[in-house]
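A.B. asks: Show me how the following folds:
(chains A, B and C)
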Amino acid sequence: MKKKVSLVLALVLLLALCVPLLTGCGEQQTVLNVYNWGEYIDKDILTQFTEETGIKIVYSTFTSNEEMYAKLKAGGGNYDVIFPSDYMIERMAKQDMLHPLNYDNIPNITHIMPSLRNKAYDPGDVYSVPYMWGTVGILYNTSMVDEPVDSWDILWDEKYAQNIFMYDSSRDCFMPAMIKLGYSLNERSDEALQEATDLLIQQRPLVLGYALDDIQDKMVAGEAALALVYSGYVVGAVEENPDLAYAIPKEGSNVWFDAVAIPKSSKNYEAAEKFIDFLCRPDIALANVREIGYSTPNQSAFDQLTPEEQNNPVCYPSEEELARCDVYVDLGEYNEKYDDAFLRVKGN
Amino acid sequence: MRRNHKALHLISRLYMVAVLVFLYAPILVMMVLSFNEGKSRGNFTGFSLKWYGELFQNAEIMQALSNTLIIAVISSLVATVVGTFAAYGISQMNRRSQGLVMNISYLPVINPDIVTGVSLMLLFIFMRMNLGFATMLISHIVFNIPYVILSVMPRIKQMDRHLLEAAMDLGLPPLRAFLKVVLPDIMPGVISGMIMAFTLSIDDFVISFFTTSGVQNLSIYIYSSARRGIEPTVYAIMTLMFVTVVSLLLLINRKSLGRTVAKRTRI
Amino acid sequence: MRKLKLFALPYILWMVVFTVLPMFLIVYYAFTNAPGNSAPTLEHFFKAIDPMYMKILLRSIWIAFLCTALCLLLGYPVAFLLARARNGAVWSLFFILPMWMNFLLRTYAWMSILENTGILNSLFVAMGLGQMELLYNENAVILGMVYNFLPFMILPIYTNLQKQDVSLLEAAQDLGCNGWRVFTRVTLPLSMPGVVSGITMVFMPAVTTFAISRLLSGGKFMLFGDIIEQQYLSTGNWNVGSMLSLIMLAIILLSMGLMGRFGSDTKDGGGML
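C.D. replies: Numbers count the residues shown, from 1 in each chain, chains lettered A, B, ... in the order given. Prediction:
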């Protein structure tokens, strides 16, 4: 009797386990699984796409390139359209995780600025189309910094002890150090890494915190004078606190791209390409950049911005400033060395 | 003597209030931020209800909320039933198997979320299950059960071991005997286990992230929007949730709570 | 009597599939170069016992221990008072309710409170006390951990105390014991199972906390959970990550076993080895 009861319970559990297997394969309509950063698209665009094409969109979000990569690498989730950053595109392409785009299905590619195409992370734009872009620089509070900010040296200035935020990622923290030492931001030699590590250890007492997404809020509150940030943070921050300003140091910096790509595991290449084409359409790209506030790579959308928006040096730096900026290249195995070195910088 | 009592009474009251202030201070901050005109947590620029308005137009966040609640309720219920029976069963084992089972049960508690999340994801992929609602639910049950067991176990240990035997000697079948005799006795442990399970489920991010696709809960929504600065809409939804729960609690217990406040500690 | 064990059968099945199998996967990753190469290797072990990692592991255990002790000190009186209160059950809910608000938002709120330009410091400055550094250090991390784990200490102790037989306490009092002696001789020993449960529920997850440390210390104070997370995500080396996690599991289970042996009657602990 008692045995029966337990058996029944066990059976019920097993049955419960089988349910998802059955429900797993239900719908037949074309569904596009879009995987993007949070709040990184104008939601109306998704509705409009479904209205125009009849393709349903399942939209979900990730928090970092690495998390998205970890999931796709293991084969988790059936995503059709993803939005990785430059170095991640390179890594995924190297590992044969991306589908080469068929540009016959993406006629609107012509609207993308030629200067932002064919970058080192994806030569020939085989796998990706730029979605948004920006730079890395110094966000500073003009009420706390009197001198002009134009060099990375200011992040090592004792005057600003406990008044500096660095970004909590090994690549971004090492970037200014490498450049200051005269190396490339994609440097891959042990001696350079050692020198840069020493430089960052020397800087550590001046750093208030190695922060992530909260830098924006903290700078708005006036928590520190200087911070290493992505340009994407800046527009919103300046709106909240007009004392804030942004500079791309003269030694050069990083220019980054978030792009659209299709994972190899997708089963809807064509629909996915249709969606990418849709994103490149000038009216859509315009709506999108207005909503998000980063920098658009779409020339036709850019032309429709107001002169004021076009001349915003945060979003659209001058040609000569951009010429000094480099794209991150995937470091492959060497990444681990950066991470270990960064741990030594932070660890106490 | 009486003076002593009164002082003790006052001190214990103050102590409870202090702990509650500690627990609720951040909640209060969140509530204030939900009325912030500006977007940044950094400064309060003025009072506004606009985030509440945006909340109801945001289908994504509402869907995420409903997923969160459904998963929290189902996973905590299932975990409570399975965990309670399990705890009793385990308590009847000999010491060695008891130790073994308990130590294995601890694994999801000790393992960092990322390890649990990734290993469950690998398991689901290996089992050819499509990641989605079901896999997320299963994962929540996985990390909830140990907390239920841990919460029920002490009550069982406290119980009179011979109670159930006596009931069974009287001819009750084990399941009935368990439900009639044991369950009422361990009920507080069961309930607190369920509450803990619910709490853990509602707050989980990492494990959910790796075991779902397409379906997201509130944590995934909030964490993934952090890069662009937390939208005060999520403060608004938290505030609404909080106010709803508290008013429900107060409403249900209106009468009895009134009396408690007057009469608290003895001893 | 033996048949009562079967109550655990559904769970045991569940556990084998969803706890033991994933564990095997972790062990597999820790000792091979999976995915891709399934030849056994010890290289991840040698990488994982890097002194820097081990130092951080020891520190994490110490911090978790501190956090557990603080939770016990703060939480026991709360549980005790709740158990004596009428409607303690409802009141106890109020002690866990804050945890239903999203973790990230709660932590951001703590930052708003503790920052140099935060609420507390504004108050201090207004009162003429001057600014203090409350955030960006170890203390902030401990505070954040105690905050997040406190309810998991209160609840099990409360459930246990609440069950205690009042007549027993009265009897002790009648026999001339004063309040304190009743507490140390009767209440406290009887509540040990609840205390052990609470300690388990706080200590074990506390060792592997991550994010709290990163957010509240300004990234300057890493704990072992952060290291494992970094291995999995940033570095992308699941093998080393799995190995680190195994080492930590072994150490925690061992230390819990020792604690169980030296501490109270092991029988109460549930399953400390």
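
A.B. asks: Test my guess that residue A:44 contacts residue A:290.
C.D. replies: No. Checked against Cβ atoms under 8 Å, the pair residue A:44 and residue A:290 is beyond contact range at 11.1 Å. C-beta coordinates here come from the backbone N, C-alpha and C atoms, glycine included.

A.B. asks: ok, the closest residue to chain C within the stretch 151-267 of chain B - how many residues close by?
C.D. replies: Residue nearest to chain C within the stretch 151-267 of chain B (Cβ to the nearest Cβ): residue B:154, separated by 3.4 Å. The number of residues packed near residue B:154 is 28, by other Cβ atoms under 10 Å in any protein chain shown.

A.B. asks: Also residue B:9?
C.D. replies: Residue B:9: 14 neighbours (other Cβ under 10 Å).

A.B. asks: picking that back up, chain center to the helix or strand where the residue of the stretch 151-267 of chain B closest to chain C lies: distance?
C.D. replies: Using DSSP states H and E, residue B:154 sits within helix B:133-158. In terms of Cα atoms, centre = their mean, to the nearest Å, the centre of helix B:133-158 is set 10 Å apart from its chain centre.

A.B. asks: what helix or strand does the closest residue to the residue of the stretch 151-267 of chain B closest to chain C other than its chain neighbours sit in?
C.D. replies: Spatially, and ignoring its direct neighbours in sequence, residue B:154 is nearest to residue C:193 (3.4 Å; Cβ to Cβ, 6 or more residues apart in numbering or on different chains). Following DSSP H and E, one finds residue C:193 within helix C:192-207.

A.B. asks: and if you look at residue C:157?
C.D. replies: helix C:138-163.

A.B. asks: close to chain A, is that helix?
C.D. replies: No. Judged by Cβ under 8 Å from any Cβ of the partner chain, helix C:138-163 and chain A are separated, with a smallest distance of 9.6 Å.

A.B. asks: name the helices or strands packed onto that helix?
C.D. replies: Applying 3 or more Cβ pairs under 8 Å, 6 or more residues apart in numbering or on different chains; DSSP states H and E, one finds that helix C:138-163 contacts helix B:2-34, helix B:133-158, helix B:183-203, helix C:51-84, helix C:88-96, helix C:103-114, helix C:192-207, helix C:212-216.

A.B. asks: redo that, cut-off 6 Å
C.D. replies: Identification of packing neighbours for helix C:138-163 by 3 or more Cβ pairs under 6 Å, 6 or more residues apart in numbering or on different chains; DSSP states H and E yields helix B:133-158, helix B:183-203, helix C:51-84, helix C:88-96, helix C:192-207, helix C:212-216.

A.B. asks: Residue B:85: what secondary structure?
C.D. replies: helix (DSSP: H, G, I helix; E, B strand; the rest coil).

A.B. asks: Name the next helix or strand following the worst-scoring helix or strand of chain A on mean pLDDT along the chain.
C.D. replies: Ranking every helix and strand in chain A by mean pLDDT, DSSP states H and E puts helix A:2-23 at the bottom, with a mean of 50. The C-terminal neighbour of helix A:2-23 among helices and strands, as given by DSSP H and E, is strand A:31-37.

A.B. asks: Given that next one, what are its sheet partners and their directions?
C.D. replies: strand A:56-62 (parallel), strand A:81-82 (parallel) (DSSP bridges).

A.B. asks: Residues contacting the last one, please?
C.D. replies: So the one you mean is strand A:81-82. Contacts with strand A:81-82, where a contact means Cβ atoms under 6 Å, 6 or more residues apart in numbering or on different chains, come from A:34-35, A:261, A:263, A:272, A:275.

A.B. asks: same question, stretch B:183-192
C.D. replies: Stretch B:183-192 has contacts (Cβ under 6 Å, 6+ apart) with B:84, B:151-152, B:155-156, B:159, C:155, C:159, C:162.

A.B. asks: Give me the buried entries from those residues.
C.D. replies: Burial by neighbour count, judged by 16 or more other Cβ atoms under 10 Å in any protein chain shown, picks out B:84, B:151-152, B:155-156, B:159, C:155, C:159, C:162 from these.

A.B. asks: Up against chain C, what does the stretch 51-200 of chain B have?
C.D. replies: For the stretch 51-200 of chain B, the residues found near chain C under the criterion Cβ under 6 Å from any Cβ of the partner chain are B:82, B:85-86, B:88-90, B:92-93, B:98-99, B:102-104, B:107, B:109-110, B:112, B:114-115, B:119-120, B:122-123, B:142, B:150-151, B:153-154, B:157-158, B:188-189, B:192, B:195, B:199.

A.B. asks: For stretch B:55-69, the averaged confidence score.
C.D. replies: Regarding stretch B:55-69, the rounded mean pLDDT is 90.

A.B. asks: Quickly list the domain ranges of chain B.
C.D. replies: Domain ranges of chain B: B:1-34+B:235-267, B:58-230, per automatic domain parsing.

A.B. asks: Check these for me: which has the lowest mean pLDDT.
C.D. replies: Of all the domains of chain B, domain B:1-34+B:235-267 has the smallest average pLDDT, which comes to a mean of 82.

A.B. asks: any idea which of the contacts of stretch B:183-192 is closest to chain A?
C.D. replies: Chain A has its nearest neighbour among these in residue B:84, at 11.8 Å by Cβ to the nearest Cβ.

A.B. asks: gap between the closest one and residue C:3?
C.D. replies: Going from residue B:84 to residue C:3 by Cβ to Cβ, to the nearest Å gives 17 Å.

A.B. asks: swap in residue C:51?
C.D. replies: 52 Å.

A.B. asks: go on, residue B:236?
C.D. replies: According to Cβ to Cβ, residue B:236 and residue C:3 sit 53 Å apart.

A.B. asks: Kindly confirm my reading that residue A:260 is in a strand.
C.D. replies: Yes. Judged by three-state DSSP, residue A:260 forms part of a strand.

A.B. asks: Excluding chain neighbours, what is closest to the closest residue to chain A within the stretch 151-273 of chain C?
C.D. replies: Of all residues in the stretch 151-273 of chain C, residue C:218 sits closest to chain A, at 2.3 Å by Cβ to the nearest Cβ. Nearest non-adjacent residue to residue C:218, counting by Cβ to Cβ, 6+ apart: residue A:209, 2.3 Å away.

A.B. asks: phi, psi of residue A:130?
C.D. replies: In terms of degrees, to the nearest 10, the main-chain angles of residue A:130 are phi -60, psi 140.
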